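Engineer: 3D, please:
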Amino acid sequence: MSRKARKPILSKRLPYLILVFGGLLSVFLWFSLRSISLPGYLVNTGLSWLVLMISLPLVILCAAITYFILLIQERKATQAFLTHEAQKELAERLKAEEFKQKLEIALIQGQKLQAIGTLAGGIAHDFNNLLYAIKGFTEMCREDVEKNTLTYKNLGRVLEATQRAQDLVSRILMFGRREQSFEMTPIHLESTIQGILELLKPTIPASVNINLTGVSDDPLILGNQTQLHQVIVNIIINAVDAMEGEGTITIKLSRILSGDTYLQQFPDIKNTSYCKIEISDTGHGMDKNTMERIFEPFYTTKEAGKGTGLGLAMVYSIINQHQGKITVSSQLGRGTIFTILLPEQFAPSRTQRIKEQEKSSSR
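Structural biologist: Have a look, this model is predicted:
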């Protein structure tokens, strides 16, 4: 129980103190009056008893009034304490329920993507076998046709379409996690993103500003540079499309130490520190239904022929293979924020300093 609830209990002694000291004072007055020499013994005796008979009931009345006042105060304090505890418990339950719902949504989303990926991977394998047959027979037919004929050119277009289909199948297979794992090497995140931006700037409109902010030193992660390049490029290109070629993209880097409350929203998170990448844009944003399906394969909001719907699905798969997490938050008319978490790798010279930071933050 809190200190506020204990104060009335400690003050219960006050009525008894009033009763004891008031009674002693009354007896003292009675004895003093009897000791005073006044003319007439009866007058002296009657006055002392009169004072005693008046003072004792007054003392008892004061003690009773004090007791009831303290009793009322104690009840009010107890009621306030119980109300505060009830509100606190209700807030904790609401928070736990909200956290539970987030975990359930994340689990359902992961299971759905895994099922779709497994199904797509199985279909892609069979479709890939058909493409090899189409490609092989087309090349054989092309060898029997003169190069300057229309048939030769048409067969070439068939081969080009087959090659594009094979590229699409390879992306589906990677999403379905049927491909072999790629090589992981230590990567300096900030310098890698800076290199990606230097390659991207000539290809995006001049009216799009890209700002990189965050940590002062270059965080280190374990990953595949080509795959991370694909992640950043895909998100930025989508942001440029959402802004219709005009606006601001902000990339913010930060660190989240292990044990941070922010990591509690992820059920299967590793007990380590993470590098956080936030990519925000000033585009038109997305509604709730779109955000729930944004990482599903073959789902796209672009016009027919302008997107396969595999870009963000591949991003989701790559981040998972890096043992990281990716989330999206957006509002219509207020832009979109993609948040990526990647486990941080510590260089030997920095390990001790990071541990000291974690200890100081836990205190």
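Engineer: switch to C-alpha atoms for all contacts and neighbour counts from now on
Structural biologist: Fine.
Engineer: C-alpha coordinates for stretch 15-29, PDB please?
Structural biologist: What follows is stretch 15-29, C-alpha atoms only, in PDB (Å, rounded to 0.1, in the frame of the first residue of the first chain):
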ATOM      1  CA  PRO A  15      -7.800  10.500  19.500                       C
ATOM      2  CA  TYR A  16      -6.200   8.300  22.200                       C
ATOM      3  CA  LEU A  17      -3.500  10.900  22.800                       C
ATOM      4  CA  ILE A  18      -6.200  13.500  23.200                       C
ATOM      5  CA  LEU A  19      -8.100  11.300  25.600                       C
ATOM      6  CA  VAL A  20      -5.100  10.500  27.700                       C
ATOM      7  CA  PHE A  21      -3.600  14.000  27.900                       C
ATOM      8  CA  GLY A  22      -7.000  15.600  28.200                       C
ATOM      9  CA  GLY A  23      -7.900  13.200  31.100                       C
ATOM     10  CA  LEU A  24      -4.600  13.900  32.800                       C
ATOM     11  CA  LEU A  25      -5.100  17.700  32.400                       C
ATOM     12  CA  SER A  26      -8.600  17.400  33.900                       C
ATOM     13  CA  VAL A  27      -7.300  15.500  36.900                       C
ATOM     14  CA  PHE A  28      -4.500  18.000  37.300                       C
ATOM     15  CA  LEU A  29      -7.000  20.900  37.300                       C
END
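Engineer: so which residue is smack in the middle of this protein?
Structural biologist: Most central in the chain under Cα atoms, centre = their mean is Tyr262, positioned 4.3 Å from the mean C-alpha point.
Engineer: show the model's pLDDT score for that residue.
Structural biologist: pLDDT recorded at Tyr262 is 85.
Engineer: what ranges do the strands span in the stretch 101-250 of the chain?
Structural biologist: Listed in chain order, the strands of the stretch 101-250 of the chain (DSSP state E, counting those that start in this stretch) span 185-188, 208-213, 220-223, 247-256.
Engineer: could those go into JSON lines alongside mean pLDDT and mean neighbour count?
Structural biologist: JSON lines is the format used below for the strands of the stretch 101-250 of the chain (pLDDT from 0 to 100; neighbours: other Cα atoms under 10 Å):
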{"stretch": "strand 185-188", "mean pLDDT": "89", "mean neighbour count": "16"}
{"stretch": "strand 208-213", "mean pLDDT": "89", "mean neighbour count": "15"}
{"stretch": "strand 220-223", "mean pLDDT": "88", "mean neighbour count": "21"}
{"stretch": "strand 247-256", "mean pLDDT": "91", "mean neighbour count": "19"}
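Engineer: export those to a markdown table and tack on distance to Leu70?
Structural biologist: Listed next are those as a markdown table, based on distance: least, Cα to Cα, whole Å:
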| stretch | distance to Leu70 |
| --- | --- |
| strand 185-188 | 67 |
| strand 208-213 | 60 |
| strand 220-223 | 63 |
| strand 247-256 | 51 |
